[in-house]
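>>> structure, please.
(chains A and B, ligands or ions: 2)
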Amino acid sequence: MSGAEHMVRFEQVAKRYPGGIQALGEVSFGLARGEMVFLTGHSGAGKSTLLKLIALLERPSRGRVLFDGRNVGRISRRQIPWLRRQIGIVFQDHSLLSDRRVFDNVALPLVIAGVAYPEIRKRVRAALDKVGLLEKERMYPPMLSGGQQQRVGIARAIVAKPPLLLADEPTGNLDPELSAELMQFFVSLNELGTTVLIASHDLDLIRRLQRRVLVLKDGALADDVPARQVAAP
Amino acid sequence: MSRRAGSQSGGVPWPGGVRAWARRHAYSLLSSLGALVRHPLATLMTVVVLAITLSLPTGLYMTLDNAERISDGWERLDTVSVFLDAEIEERGAVQLASLLSTWPGIVAVDPISPQAGMAELTGRLQLDDLAGRIEANPLPWVLEVTPAGGQDVETLSGRLRGAEGVDQVVVDLQWLERLSAILALLERLAVLLGVLFAVAVAFVIGNTIRMDIHNRREEIRVLALVGATDGFVRRPFLYSGFWYGLGGGLAAWLVVELSLFVLSGPVGRLSGTYASDFTLASPPWLVVATLVLGSGILGVLGAWLAVGRHLRAIHPS
Ligand SMILES: Nc1ncnc2c1ncn2[C@@H]1O[C@H](COP(=O)(O)OP(=O)(O)OP(=O)(O)O)[C@@H](O)[C@H]1O
Ligand SMILES: [Mg+2]
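Numbers count the residues shown, from 1 in each chain, chains lettered A, B, ... in the order given. Ligands and ions are numbered 1, 2, ... in the order given. Have a look, this model is predicted:
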């Protein structure tokens, strides 16, 4: 394990998309190892962009993004896969393969890592069980509801047990009960040592969980509320 | 829960060792076959195009190969003309003919009289009145000697030159030399066509793979998102290219064998009229192996070109 104190660090990071849209400007914060943090803000505030910069799905225009002490902006093309394997990502648009069964979708990170099939089977079923979709393993994603597809995405993000979990609106399509249940699942992952960063609009749920909250407004960090100051509803 | 952050120092080419590497390869192999089987009609059409493309140079090669075997046989039909001394009369010529026909390396000796020779000459030159204008026939007796197969014509003609009563020995190999020059020319043409068609095969497969990539770009995007290396993304397509090439090569072999089978009846009847037992030869194993494996390798090459271009486009710069 490297000695970097922060799992993720942003130093004056700006992101301007081609076409001139300034999605982020001068954002600085740190995410401690083992921390669980929520990221909130209006639609278009730059939440998805911020998450994408960490996993190098986009490159910063200015500033430095550090992952585990390493400057992500300096990572060469050949090392991008290494970075992505350290990070489980739940995408806002699910990003599932519609012509592969649920089981095969969840298994992808393990297949890429070259894990043996019996082990893949065990771990995929455990992950599907945790998101409550074990009986759907033989279905194809288009046969599932939006919320169920979201949960398949979550199972895929956690199946390889990455040290960092990034989730972009993981409960966007779920009813309140299921949302609370999945958030609780993220909390238990965090308690087992995973660093978690969740972008979410669900302010009620965020308040109830009493974790640190980063608030983005028009691409700038408007607020950084420590866990103890998050008011319980 | 296991933690791997920082335990690997970046871009490990084979994370997880050789067994993990083998498992990833097995996955790529199966997934490439799966992709081909899922679209049987498209796969079949590509393979047929490749088969036709590859069967043309292979067919030409086999035609030349068989033509060479026929012309090897023709060398036996070649005759040596032995011109005798002018003073030798019919009796001497016939005696020498029966003597020579006992020599090893000689199949037949056919004496041609000066009259017959003159008749042939005038017929050939269309000078009907030539014989009438020449008072004395200047032609000597000629013996047409047919050498045995495998007999070296040069040594035989040397020995004939040394025989009693022989004036000149003429070996007419010119038409054979011309034939083999034509065959060499066609052979060069076959090589040229082979190279052109090989390039065509690589491009046909490259283009097919390009369409595969286009159809599976979402899959490629997702694979990259969850941490697949370029190699992992590329491999199923390289395997697909290999399968296309292999399938095309095998099908081309089938086409050539079928054509030979279809032609074997007419060729047999034709060679029968020459009292020959010539039959068409199938391509030798070396040619088949070169065809099949070569087109497989061309497929990998074409796929590599197609995937390389696309991979450069999927990561942010
Ligand atoms: N690929 C892109 N190219 C150009 N502009 C983009 C791109 N992605 C996002 N943007 C722009 O960047 C800004 C921030 O977008 P982002 O997706 O980060 O917002 P968000 O906070 O995730 O919003 P939401 O809550 O609706 O998901 C928006 O103005 C958006 O139009
Ligand atoms: Mg978003």
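>>> can you give me the neighbour number for residue B:66?
17 (other Cβ atoms under 10 Å in any protein chain shown). Using the backbone N, CA and C atoms, a C-beta is placed for each residue, glycine as well.
>>> what comes up buried for the helix or strand encompassing it?
Element membership for residue B:66, per DSSP states H and E: helix B:40-77. Going by neighbour count (16 or more other Cβ atoms under 10 Å in any protein chain shown), the buried part of helix B:40-77 is B:43, B:46-47, B:49-51, B:53-67.
>>> and residue A:214, backbone torsions?
Main-chain dihedrals, residue A:214, degrees, to the nearest 10: phi -100, psi 130.
>>> now do the contacts for residue A:116.
Contacts of residue A:116 were listed using Cβ atoms under 8 Å, 6 or more residues apart in numbering or on different chains, and they are B:19, B:23.
>>> model confidence score at residue B:168, please.
At residue B:168, the pLDDT value in this model is 85.
>>> host element of residue A:26?
Under the assignment here (DSSP H and E), residue A:26 is part of strand A:22-32.
>>> show me what the helix or strand that that strand is followed by pairs with in its sheet, parallel or antiparallel.
For strand A:22-32, the following helix or strand on the C-terminal side (DSSP H and E) is strand A:36-41. Partners of strand A:36-41 in the sheet, by DSSP bridges, are strand A:195-199 (parallel), strand A:212-217 (parallel).
>>> what is the mean pLDDT for strand A:36-41?
94.
>>> repeat that for stretch B:268-287.
80.
>>> kindly report the same for stretch A:61-68.
Throughout stretch A:61-68, pLDDT has a mean value of 93.
>>> wait, is residue B:143 part of a strand?
Yes - according to DSSP: H, G, I helix; E, B strand; the rest coil, the state of residue B:143 is that of a strand.
>>> any idea how far it is from residue A:191?
Per Cβ to Cβ, to the nearest Å, residue B:143 is found 111 Å from residue A:191.
>>> so between the two, which is more surrounded?
Between residue B:143 and residue A:191, residue B:143 has the larger neighbour count (other Cβ under 10 Å), namely 25 against 10.
>>> correct me, but that one touches residue B:85?
No - if you go by Cβ atoms under 8 Å, residue B:143 and residue B:85 don't touch, sitting 12.0 Å apart.
>>> contact partners of the strand holding residue A:26?
Residues contacting strand A:22-32 (Cβ under 8 Å, 6+ apart): A:5-17, A:37, A:46, A:49-50, A:53, A:63, A:195, A:197, A:214, A:216, A:219-221, A:224.
>>> need the pLDDT of the residue of chain B found nearest ligand 2.
With Cβ to the ion, the shortest gap between chain B and ligand 2 falls at residue B:225, namely 15.3 Å. For residue B:225, the pLDDT comes out at 90.
>>> the contacts of strand A:22-32 in strands, which ones?
Among the contacts of strand A:22-32, DSSP state E puts A:6-16, A:37, A:63, A:195, A:197, A:214, A:216, A:220-221, A:224 in strands.
>>> using PDB, write down the CA coordinates of stretch A:141-151.
What follows is stretch A:141-151, C-alpha atoms only, in PDB (Å, rounded to 0.1, in the frame of the first residue of the first chain):
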ATOM      1  CA  PRO A 141     -30.500  -6.100 -19.500                       C
ATOM      2  CA  PRO A 142     -33.300  -4.900 -21.800                       C
ATOM      3  CA  MET A 143     -35.600  -7.300 -20.100                       C
ATOM      4  CA  LEU A 144     -35.100  -5.500 -16.800                       C
ATOM      5  CA  SER A 145     -36.600  -2.400 -15.300                       C
ATOM      6  CA  GLY A 146     -34.500   0.800 -15.100                       C
ATOM      7  CA  GLY A 147     -33.900   0.300 -11.400                       C
ATOM      8  CA  GLN A 148     -32.900  -3.300 -11.900                       C
ATOM      9  CA  GLN A 149     -30.400  -2.400 -14.600                       C
ATOM     10  CA  GLN A 150     -29.000   0.200 -12.200                       C
ATOM     11  CA  ARG A 151     -28.500  -2.500  -9.600                       C
END
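>>> what stretches of chain A score poorly on pLDDT?
Scanning chain A for pLDDT under 70 picks out A:1-4, A:231-233.
>>> tally of neighbours for residue B:308?
Neighbours around residue B:308, by other Cβ under 10 Å: 11.
>>> with residue B:181 instead?
Residues lying near residue B:181 (other Cβ under 10 Å) number 10.
>>> which strands and helices sit next to the helix or strand in which it is found?
Secondary structure from DSSP H and E places residue B:181 in helix B:174-215. Under the contact criterion of 3 or more Cβ pairs under 8 Å, 6 or more residues apart in numbering or on different chains; DSSP states H and E, helix B:174-215 touches helix B:40-77, helix B:230-273, helix B:285-314.
>>> ok, then the element right after it?
The C-terminal neighbour of helix B:174-215 among helices and strands, as given by DSSP H and E, is helix B:217-225.
>>> tell me how many other residues crowd residue A:152.
Residues lying near residue A:152 (other Cβ under 10 Å) number 25.
>>> same question but for residue B:302, I mixed them up
Number of residues near residue B:302 (other Cβ under 10 Å) recorded here: 27.
>>> mind listing what it touches?
Contact analysis of residue B:302 by Cβ under 8 Å, 6+ apart lists B:201-207, B:209, B:241, B:245.
>>> could you do residue B:248 as well?
Counting by Cβ under 8 Å, 6+ apart, residue B:248 touches B:46-47, B:49-51, B:53-54, B:201, B:205, B:295, B:299.
>>> okay, now residue 148: neighbour count?
Using chain A. Count around residue A:148 with other Cβ under 10 Å applied: 21.
>>> please go with chain B instead
When counting by other Cβ under 10 Å, one arrives at 13 neighbours for residue B:148.
>>> also residue B:82?
The burial count for residue B:82: 27, using other Cβ under 10 Å.
>>> likewise for residue A:37?
Residue A:37 is flanked by 21 other residues according to other Cβ under 10 Å.
>>> beta partners for it?
In beta-bridge terms (that is, DSSP bridges), residue A:37 pairs with residue A:197, residue A:212.
>>> coming back round to it: state the distance from the residue of chain B closest to ligand 2 to ligand 1.
Residue B:225 is 14 Å from ligand 1, where distance means Cβ to the nearest ligand atom, to the nearest Å.
>>> and if you look at residue A:92?
With distances taken as Cβ to the nearest ligand atom, residue A:92 is found 6 Å from ligand 1.
>>> for chain A, which segments count as helices?
For chain A, applying DSSP state H gives helices covering A:47-54, A:80-85, A:102-113, A:117-130, A:146-158, A:176-191, A:203-209.
>>> in chain B, where is pLDDT below threshold?
Looking at chain B by pLDDT under 70, you get B:1-16, B:71-78, B:124-135, B:149-150, B:173-174, B:275, B:313-317.
>>> spell out which residues of chain A are next to ligand 1.
By the rule Cβ under 6 Å from any ligand atom, the part of chain A lying against ligand 1 is A:17, A:19, A:21, A:23, A:41, A:43-49, A:92.
>>> ok, now with 8 Å
A:15, A:17-19, A:21, A:23-24, A:41-50, A:52, A:58, A:92, A:168-169, A:199, A:201, A:216, A:219 (Cβ under 8 Å from any ligand atom).
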